[in-house]
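Participant: Give me a 3D structure for the following:
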Amino acid sequence: MPSYVGLSKEELQSLCNGLKARYDDFKAQNLKLDMSRGKPSADQFDLVKGLLDAVNSNTSLLSDDGCDCRNYGDFTGIPECKAIFCDMLGVSFDELFICGNSSLAVMYDAIGKMVLHGVRPGAKPWRELGTIKFLCPVPGYDRHFAITERYGFEMIPVDMTPEGPDMDQVEALVASDPAVKGIWCVPKYSNPQGITYSDETVRRLARMKTAADDFMIMWDNAYAVHDLYPDRRDHLLNILDECKAAGDPDRVMIFASTSKISYAGAGVAVFACSTHVMERMKKLLSIQTIGFDKINMLRHARYFKNMAGIMAHMDKQAEILRPKFKVVLDAFQKELAGKGIAEWLDPNGGYFISLDVMDGCAKRVVQLCKDAGVVLTSAGATFPYGKDPRDRNIRVAPTYPSIPELEKAVELLCLCVELAAVEKLILEK
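Facilitator: Modelled structure (predicted):
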């Protein structure tokens, strides 16, 4: 198929008429499909049915260190659960804190503590400093951007590359402006592109000179074990180790959870950081809570047992997700390749596929899909303030729908990408 860009206006109009007829057929089907969020499917939850029986009235509720999980104690988390996350993130027991079920809530709270109290040793509360700026690799995670927008930060987009954030941009920004206080990172299988930061990117983040002496890397390792292909897992360098080697271990806070490992609404969330930052966080958290849900920690630890148990489980999840990603990628290749109207990445893991359509067309594509019964993530959501300057990026979430639903939804999506592109090219002619 030749590129649509080279077609005459008459050829484009003929093509548009055929696409509109197909689109009208879709609208007549009264579809109601939702691909707007990266939610696990019921099949994935069914893999962990035994989790609910791992702890019950007939089992001991004592942790390995003898703490009664029904009572207060083990403020930072029970040891058998900490051991799993320490192995997952490459940190020590005194560098890890287990919280509730949501890493997003932990990140929101951590930013709040930086604003109200200061978290790094000697840091002033950011509320006393005037304008606060935060770097936002784009396309990126909309809920990260919502947190910093809620706190009134000025968000600065930074381009993503195949190696991670454009480090030339990052280094220039952090070195020149003390108001730049941090950066959001999804370092493994990034949301939405599925990019894993290269070793060089991780080292540069750890070593870069910052004008702010309280700069913080918000390292959301949400997809640490979410490999689609167990035989080619992406490797991510340990950011805390690199920050230690660079002489600034207090620079990073790491976040993770089991929200896409066990139950999305009833998992376990953690953060990790240097021992200096941890002492400050523990003091602040000790006023906020006496402790989090240790019975849920115990449940997860007894069910998964160790990192080998986590990885075996995630390999089973990958068997469910691979065919779904294949449906989307095969459709893109069949319907969009070679036409000059779309680009996409084939990730090795994570939860999303990032689709770039023709400039100025993403909002139109999303609206066309919605009008025909398929809901996608809002165009612009992967950029700060919901504003994609090129109006081209669409985050595709293939995990939740069934295969038949996904086939129907992606067929419509490809059709709408074509229709929006042809409409634009006709106007340009």
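
Participant: what kind of secondary structure is residue 184 in?
Facilitator: Residue 184 carries the three-state label strand when classified by DSSP: H, G, I helix; E, B strand; the rest coil.

Participant: That one and residue 67, how far apart?
Facilitator: 35 Å (C-beta to C-beta, to the nearest Å). In this view, the C-beta of every residue, glycine as well, is placed from N, C-alpha and C.

Participant: who has more neighbours, the two?
Facilitator: Taking other C-beta atoms under 10 Å, residue 184 and residue 67 do not tie; residue 184 has more neighbours (25 against 18).

Participant: Do I have it right that the more buried one meets residue 138?
Facilitator: No: in this structure, residue 184 is not within contact of residue 138 by C-beta atoms under 8 Å, at 9.9 Å.

Participant: top helix in this protein by residue count?
Facilitator: Longest helix of the chain, by residue count under DSSP state H: helix 307-335.

Participant: where's that helix relative to the chain centroid, distance-wise?
Facilitator: 16 Å (C-alpha atoms, centre = their mean, to the nearest Å).

Participant: cool, stretch 96-111 as well?
Facilitator: Worked out by C-alpha atoms, centre = their mean, stretch 96-111 lies 15 Å from the chain centre.

Participant: what about it, how long is it end to end?
Facilitator: 17 Å (C-alpha to C-alpha, to the nearest Å).

Participant: would residue 197 count as being in a strand?
Facilitator: No: under three-state DSSP, residue 197 falls outside any strand and is assigned coil.

Participant: elements contacting the longest helix of the chain?
Facilitator: helix 42-46, helix 79-89, helix 294-304, strand 342-344, strand 353-357, helix 403-428 (3 or more C-beta pairs under 8 Å, 6 or more residues apart in numbering; DSSP states H and E).

Participant: now that helix against strand 353-357, angle please.
Facilitator: 20 degrees (axes from the mean of the first three to the mean of the last three C-alpha atoms, to 10 degrees).

Participant: May I see the buried residues of helix 307-335?
Facilitator: 310, 313-314, 317-318, 321, 324-325, 327-329, 331-332, 335 (16 or more other C-beta atoms under 10 Å).

Participant: which non-adjacent residue is nearest the residue positioned nearest the centre of the chain?
Facilitator: Nearest to the mean C-alpha position of the chain, counting by C-alpha atoms, centre = their mean, stands residue 191 at 4.0 Å. In space, and not counting its chain neighbours, residue 191 is closest to residue 141: 4.4 Å by C-beta to C-beta, 6 or more residues apart in numbering.

Participant: So the one you found is in contact with residue 186, correct?
Facilitator: Yes: counting by C-beta under 8 Å, residue 186 is a contact partner of residue 141 at 5.7 Å.

Participant: now the helices and strands packed on helix 307-335 in TSV, with mean pLDDT, distance to residue 10 and mean neighbour count?
Facilitator: Shown next, in TSV, are the helices and strands packed on helix 307-335 (pLDDT from 0 to 100; distance: least, C-beta to C-beta, whole Å; neighbours: other C-beta atoms under 10 Å):
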stretch	mean pLDDT	distance to residue 10	mean neighbour count
helix 42-46	96	48	13
helix 79-89	98	58	21
helix 294-304	98	62	22
strand 342-344	98	23	18
strand 353-357	98	24	23
helix 403-428	97	10	20
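
Participant: tell me which strands and helices the lowest-mean-pLDDT helix or strand in the chain is in contact with?
Facilitator: Scoring the helices and strands of the chain by mean pLDDT, DSSP states H and E places strand 33-35 at the bottom, with a mean of 89. If contacts are counted by 3+ C-beta pairs under 8 Å, 6+ apart, strand 33-35 sits against strand 374-376, helix 403-428.

Participant: one step back: which residues do residue 141 and residue 186 both contact?
Facilitator: By C-beta atoms under 8 Å, 6 or more residues apart in numbering, residue 141 and residue 186 have these common neighbours: residue 220.

Participant: what number of residues lie near residue 264?
Facilitator: Neighbour count of residue 264, defined by other C-beta under 10 Å: 18.

Participant: Sounds good, over and out.
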